[in-house]
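Enquirer: Sequence first, predicted model second:
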Amino acid sequence: MKYLLGWLIDSKNQQALVYRRDGSITQYPATAILSSEDIVPGFTLPLTKLL
């Protein structure tokens with residue numbers, strides 16, 4: 001299985017890092033709403049629920 005998207009939840013720094021298959025990485029603050037992008041259309045999750 002090839003992974004398309006990874007979320008690293010950093011509770012110490014109150015943020016998430018999203019890793020994509022193309023090698024890009026995006027940093028999100030605690031107030032962000034994470035999405036699965038096109039992997040699971042419509043799925044979102046407020047990062048605060050994971051911190």
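Expert: Sure, I can see it. Worth saying up front: this structure is predicted, and the values here are computed from it rather than measured. Numbers count the residues shown, from 1 in each chain.
Enquirer: From here on, just use CA atoms for contacts and neighbour counts.
Expert: Fine.
Enquirer: my read: Leu51 touches Leu8, true?
Expert: No. Between Leu51 and Leu8 there is no contact under C-alpha atoms under 8 Å: 11.3 Å.
Enquirer: of these two, who's got more company?
Expert: Leu51 (14 against 11; other C-alpha atoms under 10 Å).
Enquirer: contacting residues for the more buried one?
Expert: Ile9, Asp10, Ser11, Gln14, Ala30 (C-alpha atoms under 8 Å, 6 or more residues apart in numbering).
Enquirer: I'd like the distance between it and Lys2.
Expert: 27 Å (C-alpha to C-alpha, to the nearest Å).
Enquirer: Any figure for the gap between the closest residue to Arg21 other than its chain neighbours and Ser11?
Expert: Nearest residue to Arg21, sequence neighbours excluded (C-alpha to C-alpha, 6 or more residues apart in numbering): Leu4, at 4.9 Å. Distance from Leu4 to Ser11, counting by C-alpha to C-alpha: 23 Å.
Enquirer: And for Pro41?
Expert: Distance from Pro41 to Ser11, by C-alpha to C-alpha: 26 Å.
Enquirer: Same drill for these two, tell me which one is more crowded.
Expert: Set Pro41 next to Ser11 and count neighbours by other C-alpha under 10 Å: Ser11 wins out with 13 against 9.
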